[in-house]
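> quick one: sequence and predicted model below, then my questions.
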Amino acid sequence: MNQSIKDYWYPVGLLSAIDAPHQTLLLGADITVGRKGGTFWVKDAAGNALPTIERFGHLWTCPGTPNGDLFTIPEADNPGRQLVDVGSVRVKCSPLRAVENFLDIAHFPFVHTDILGAEPHTEVERYNVNIREDANEVWATKVKFFQPQAAKSAEGGITTEYMYRVASPTCAVLYKTCPPRPGEWDVITLFVQPLNEEWCEVWPWMALYDDDSTMAEMVSFQQLIFMQDRSILENQIPAKLPLDPGMEAPTQADLTSVVYRRWLKKIGYFYGAQLVAA
Amino acid sequence: MDWIAVGLCADVPARTVVPRRVLNTDLAIWCSTAGDFHAWGDRCPHRGMRLSHGFVRGETLSCIYHGWTYDGDGACVSIPAHPDLVPPKSICAAQYACQVADEAIWVALQPTQAPVPVLGARRAIRSMDVALPAQTVAAKLKQPFAPVIALGGVHDISLALQPSSDADCLLHAFAAPDQDRKTVSHALEHMRNELEAAA
C-alpha cells in the first residue's frame, strides 16, 4: 500500500453514537473504536492508540502519520444551522466510486426521480472545475440544475446552484442553494470510511438552514437519497474506479469526475482505483 | 458450444430487461416493445453501470444511471445531459448474436455459422438454477456436455444448458406438449435436489 494513503484522516463513527468499544475496518485492517468518559479513542489490531480528531459530528483517525490537520468547513460553524448526524450507509463499492457519484448531477433525473431531478429537465450546463493547488483540493463551481424538490424545505421545482469541493480523496463537501435563505449555502458532506478497496461505510453529514423540518425528517430524506445511490454503486463494472481513460466515456457533464480522477492520479491515491485499462 | 440458451421468451416480456451470466460473461437480455430480443454486455460504456438495471422504451434500452439510450444496434442515440449532442459513433454497447427458437432465447458469445440447436416437438416448461457447473450436471445425468441434452423418460424432457459461472448453471427445460406443466416442473426440482445432494 502506498504509504501516503495511510496518512490521511478518515471518519470512523458518529460522536453521538460511539459508546461500547466496537470493531471495524479501515483500509482493510481491523481497528477498535470506543470512548472512556468523554474521551474517544481508536486502536489498531496490535492495541496501539491511533491519533484522533473530533470534528463535524464524527470521530476521525489516521492509521499512519497525519500529513496535516483535517480540513475545515468554516461555513458549517455559522449560527442557526441544524447539524444533522445522518448515520452510516454501508455500500459494497470502491470508496472512490462513492465520492465520484456524490460529485455527479447528471444522474438526478434517473436515480432520484422527482426528488433531485426529473425528465425532461436533464441538461447539464457547462460549469467550472479546477484543482486548487494551494489547498490541494478539487472544486467545481457554477453548477446549476433544475430540481423538483431540492431539499426537505423546498416547495416545488427550482433551479439549484451547487459548488462541489473534494477536500480529501474520500471526503467531499457540497454547497447548495438554500431555499429559505437566498445568499447562504446549505452544507452537505459525504465522508467515506474505506473498509477495504471494494467496501465502504458512508457517513453523510449536513449543516442546514431549515427551521421547519424535524431532525428525523432531514435524516430520512438523506437516507432515501443514499439508498437510491447505493443501488447504482453496487452495480458498476469494474468495482474499482478506473483512472486510465479508455474504459469509460466521459462527456462535458462529467468534468468533475474527470478532474477528480486526474487529481487522484496526481497525488498517487490508488486505494479503490483501477490503473490498467482493460 | 456455439449457441447457448439464456432464457425462455415468456420470462422476458416486451419492454423488460434481465441479467444473465454465460461462461462468466455478464449479459443484459432485453425485449423491445415490438418484441425483438437483444443480448448485450451488461455494462454501460459511460460509467460501467449494469444495463440490466435499465429501462426499455420503444426499440431502445436506456441505462438507469444517466439515461444514456442505445438503439437496437447497440449505438448510443441519446445523452440526456446534452440533449443537443449527437453521440459519437464510438459509444456503443457490446452486442452478441441473439436468436429466438423453440420459445427460447439463444446467444452466441463468438461469431458462428452454426445453426441454433433444435428442441423438436417440445414446449418450454421453465428455467431452473443448479448450484453445480454445467459439465458436472451433464456428467451426473450420464449425458455428453452439449448445449442441449435429451433425457427422454415419461415426460420426454430436454434440457438446454446455460453454463453461468464455474460454480453454477441455469437449465432451461422442455417437455412433450401433452405433459402437465406442474408435474414436469416438480419432477425437475426433484432431479435438481438429487443432483445437488450427490455433490
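In hand now; what should we look at? Residues are numbered from 1 along each chain as shown, chains lettered A, B, ... in the order given.
> not counting sequence-adjacent ones, nearest residue to residue 176?
Here I'm looking at chain A. Among residues not flanking A:Lys176 along the chain, A:Asp186 sits closest, at 4.7 Å (Cβ to Cβ, 6 or more residues apart in numbering or on different chains). C-beta here means a position set from N, CA and C on the backbone, and glycine is covered the same way.
> hm, I was asking about chain B
Using Cβ to Cβ, 6+ apart and skipping residues adjacent in sequence, the residue nearest B:Ala176 is B:Asp156, 3.9 Å away.
> surely that neighbour and B:Ala173 touch.
No: taking contacts as Cβ atoms under 8 Å, B:Asp156 lies outside contact range of B:Ala173: 11.1 Å.
> let me see the contact set for the residue nearest to B:Ala176.
B:122, B:175-176, B:179 (Cβ atoms under 8 Å, 6 or more residues apart in numbering or on different chains).
> how close does the most far-flung residue of chain B relative to its centre sit to B:His66?
Residue farthest from the centre of chain B, counting by Cα atoms, centre = their mean, is B:Asp84 at 35.1 Å. For B:Asp84, the distance to B:His66 (Cβ to Cβ, to the nearest Å) stands at 16 Å.
> equivalent analysis for A:Gln236, please.
Distance, A:Gln236 to B:His66, using Cβ to Cβ: 12 Å.
> which element is the residue farthest from the centre of chain B on?
Using DSSP states H and E, no element contains B:Asp84; it sits outside every helix and strand.
> got the residues of chain B near chain A?
By Cβ under 8 Å from any Cβ of the partner chain, the residues of chain B that approach chain A are B:26, B:42-43, B:45-50, B:53, B:63-67, B:79-83, B:85, B:90-91.
> one more pass at 6 Å, please.
Residues of chain B lying close to chain A by Cβ under 6 Å from any Cβ of the partner chain are B:43, B:45-50, B:53, B:64-67, B:80-81, B:83, B:91.
> who's in contact with whatever residue of the stretch 1-150 of chain A ends up closest to chain B?
Closest approach between the stretch 1-150 of chain A and chain B, counting by Cβ to the nearest Cβ: A:Thr122, at 3.5 Å. Residues near A:Thr122 by Cβ atoms under 6 Å, 6 or more residues apart in numbering or on different chains: A:109, B:80.
> residue 160 sits in which helix or strand?
Because you didn't say which chain, this covers chain A. strand A:158-168.
> that's the wrong chain, I meant chain B
Assessed by DSSP H and E, B:Ala160 sits inside strand B:157-163.
> identify all contacting residues around that strand.
By Cβ under 6 Å, 6+ apart, strand B:157-163 touches B:4-6, B:23, B:119, B:122, B:134, B:148-151, B:169-175.
> what's the mean pLDDT across that strand?
Strand B:157-163 shows a mean pLDDT of 97.
> C-terminal to that strand, what's the next element?
Heading C-terminal from strand B:157-163 (DSSP H and E), you reach strand B:169-175.
> after that next one, next one along is what?
helix B:181-197.
> got the residues of the stretch 51-200 of chain A near chain B?
So far as Cβ under 6 Å from any Cβ goes, the stretch 51-200 of chain A lies against chain B at A:106-107, A:110, A:122-124.
> and chain B, what are its domain boundaries?
Chain B is divided into the following domains under automatic domain parsing: B:4-108, B:123-197.
> ranking those domains by burial, who's on top?
domain B:4-108 (a mean of 19; mean count of other Cβ atoms under 10 Å in any protein chain shown).
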